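[1] Dropping the sequence and predicted coords here.
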Amino acid sequence: MLETNKDNLEKALTLLQCELVAARNKINPKRVTWNQYDILENLYLYGSKLPAILSSELGQSRSTISKNLKILKDYNYILQQKNEQDGREVITQISDSGVKLMKEIENSHVEIAETAASVLSPREQEIFSQLCMKVSNALYENRKGVKNE
């Protein structure tokens, strides 16, 4: 029986995801979960946040965010201080150790991009980039509950 385009697409996405996870695990200290990584990446890219904002932006429950923030604080990857406007809340920011980890991950991303560039022509790289962004945006919209039109 011939495989359908959908089967080929599913297989290709699964293999790519596995390779990207394997590449990430090479530099991950094995203790940072995906949820924790998402928190670190958000703080690294966009700066300090209240836990409620992180919860909303990442689509994680407040309790999940709180548990992961405690772990990240124990790992010294984040810093927290009381919000001056509302002492019941804390503002969370990435620490120097967290920045160091994120830079190591960025370097890993560069290696992945270099590998992709070595097997794709410039035109294929452009097409691949556009298609990846299109699929990533659709996945993001689906996760956020936005209808993809």
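    Happy to help now that I have it.
[2] ranges for the helices of the protein?
    Applying DSSP state H to the chain gives helices spanning 5-27, 34-46, 51-58, 62-74, 96-119, 122-144.
[3] Run through who's touching the shortest one.
    Contact partners of helix 51-58, identified using CB atoms under 8 Å, 6 or more residues apart in numbering, comprise 35, 38-39, 42-43, 49, 60-62, 64-66, 69, 89-90, 92. In this view, the C-beta of every residue, glycine as well, is placed from N, C-alpha and C.
[4] From those residues, list just the buried residues.
    Neighbour counting over those (16 or more other CB atoms under 10 Å) leaves 35, 38-39, 42-43, 49, 60, 65, 69, 90, 92 as the buried ones.
[5] thinking again about what came up before, out of the helices of the chain, which gets the lowest mean score?
    If you rank those by mean pLDDT, helix 5-27 sits at the bottom with a mean of 87.
[6] Show me what that one packs onto, helices and strands only.
    Counting contacts by 3 or more CB pairs under 8 Å, 6 or more residues apart in numbering; DSSP states H and E, helix 5-27 is packed against helix 96-119.
[7] tell me what the helix it packs on is packed against?
    Against helix 96-119 (3+ CB pairs under 8 Å, 6+ apart) you get helix 5-27, helix 34-46, helix 122-144.
[8] Pick the most buried one from those.
    Highest mean neighbour count among the helices and strands packed on helix 96-119 (mean count of other CB atoms under 10 Å): helix 34-46, with a mean of 17.
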